[in-house]
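In: Need the 3D shape of this:
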Amino acid sequence: MRRDVRRRARPLVPARTSPLPDPAQARASEKPRAWGRPRTGNPLTEGLITVSDEDGAPTGTYLTLDDGRPAVRFGRVHDRAVEDVWRFVTDPGELARWFPSRAEIDPRPGGTITFSGDPNMPESTGRVLAVDPPRHLSFAWGGDELRFDLEALGPGRTRFTLTDVLAAADTAARNAAGWEVCLTALDAAVRGRTSTGPHGGGRAVWKEIYDAYVAAGFPSGASVPGAD
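Out: Just a heads-up that it's a prediction; the model follows:
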């Protein structure tokens with residue numbers, strides 16, 4: 001059984017570093033718990049931290065998994081078929097519209113991913129940990145583990161969930177702010193709109209979102225690539 005623990009909030013692009021356990025086992029045993037001050041007055045949300053999801057506000061959740069690893073998680077619902085959203089997760093051309101690095105993926109367990117084009121990070125490689133088209137993809141990204149989960153909610157409607165399992169808890173606010181920027185670009189791409197991409201908004205946009213995450217109690221203090 002798993003119990004979600006949330007804190008919601010928006011990215012500069014994350015950095016990472018640590019051995020990763022088997023992803024299928026990690027997903028099966030995941031039982032997040034709350035961090036920080038619980039909301040009160042509602043037994044369904046007791047023990048959860050939620051940042052406002054009003055327009056323009058951060059939307060991420062901070063988790064601690066059963067194995068003790070920290071994570072940040074984001075959810076979106078897109079008015080597109082699950083196969084369409086899957087392309088935004090796996091196709092290099094579509095990924096380039098919102099993901100912080102250009103990613104060339106060999107989509108099989110153990111396959112190599114090459115990351116390049118991130119102005120804040122050097123070129124690197126990762127490893128595919130699990131893939132189940134068009135429902136799940138997870139891979140190592142530096143010391144972090146990224147998990148993408150898609151759920152068809154009906155014809156032309158898909159729930160998208162991104163979980164960044166962090167190498168260190170103090171990267172939570174930094175990475176969450178970075179993913180918020182990236183997912184804004186994804187939202188535009190899925191709608192067929194143009195955007196400046198994950199690096200087009202400048203540091204000021206990321207900093208405003210980062211400050212909101214810190215104010216919400218997300219762990220912080222990690223260095224910021226490209227700014228330190």
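In: What is the neighbour count of residue 225?
Out: Residues lying near residue 225 (other Cβ atoms under 10 Å) number 17. Placement of C-beta: from N, CA and C, glycine included.
In: Specify the next element, helix or strand, located C-terminal of the helix or strand hosting residue 89.
Out: In this structure, residue 89 sits in helix 82-90 according to DSSP states H and E. Using DSSP H and E, the helix or strand that follows helix 82-90 towards the C-terminus is helix 92-95.
In: Which elements pack onto that next one?
Out: helix 82-90, strand 102-105 (3 or more Cβ pairs under 8 Å, 6 or more residues apart in numbering; DSSP states H and E).
In: buried stuff in the longest one?
Out: Residues of helix 82-90 classed as buried by neighbour count (16 or more other Cβ atoms under 10 Å): 82, 84-86, 88-90.
In: cool, the last one as well?
Out: Residues of strand 102-105 classed as buried: 103, 105 (neighbour count, 16+ other Cβ under 10 Å).
In: returning to that earlier point: quick one: the helix holding residue 89 to chain centroid distance?
Out: Distance of helix 82-90 from the chain centroid (Cα atoms, centre = their mean, to the nearest Å) equals 15 Å.
In: Equivalent analysis for stretch 122-131, please.
Out: That offset, for stretch 122-131, works out to 15 Å (Cα atoms, centre = their mean).
In: Mind checking the pLDDT average for that stretch?
Out: Stretch 122-131 shows a mean pLDDT of 93 in the predicted model.
In: Just the C-alphas of the longest helix anywhere in the chain, formatted as PDB.
Out: When every helix of the chain is counted residue by residue (DSSP state H), the longest turns out to be helix 172-190. Written as PDB, here are the backbone C-alpha positions of helix 172-190 (Å, rounded to 0.1, in the frame of the first residue of the first chain):
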ATOM      1  CA  ALA A 172      14.300  19.900  -3.400                       C
ATOM      2  CA  ALA A 173      13.500  23.600  -3.700                       C
ATOM      3  CA  ARG A 174      16.000  24.200  -6.400                       C
ATOM      4  CA  ASN A 175      14.900  21.300  -8.600                       C
ATOM      5  CA  ALA A 176      11.200  21.800  -7.900                       C
ATOM      6  CA  ALA A 177      11.600  25.400  -9.200                       C
ATOM      7  CA  GLY A 178      13.400  24.100 -12.300                       C
ATOM      8  CA  TRP A 179      10.800  21.500 -13.100                       C
ATOM      9  CA  GLU A 180       8.000  24.100 -12.700                       C
ATOM     10  CA  VAL A 181       9.700  26.200 -15.500                       C
ATOM     11  CA  CYS A 182      10.100  23.100 -17.600                       C
ATOM     12  CA  LEU A 183       6.500  21.900 -17.100                       C
ATOM     13  CA  THR A 184       5.200  25.400 -18.100                       C
ATOM     14  CA  ALA A 185       7.100  24.800 -21.400                       C
ATOM     15  CA  LEU A 186       5.600  21.300 -21.700                       C
ATOM     16  CA  ASP A 187       2.100  22.600 -21.000                       C
ATOM     17  CA  ALA A 188       2.500  25.100 -23.900                       C
ATOM     18  CA  ALA A 189       4.000  22.400 -26.200                       C
ATOM     19  CA  VAL A 190       1.100  19.900 -25.600                       C
END
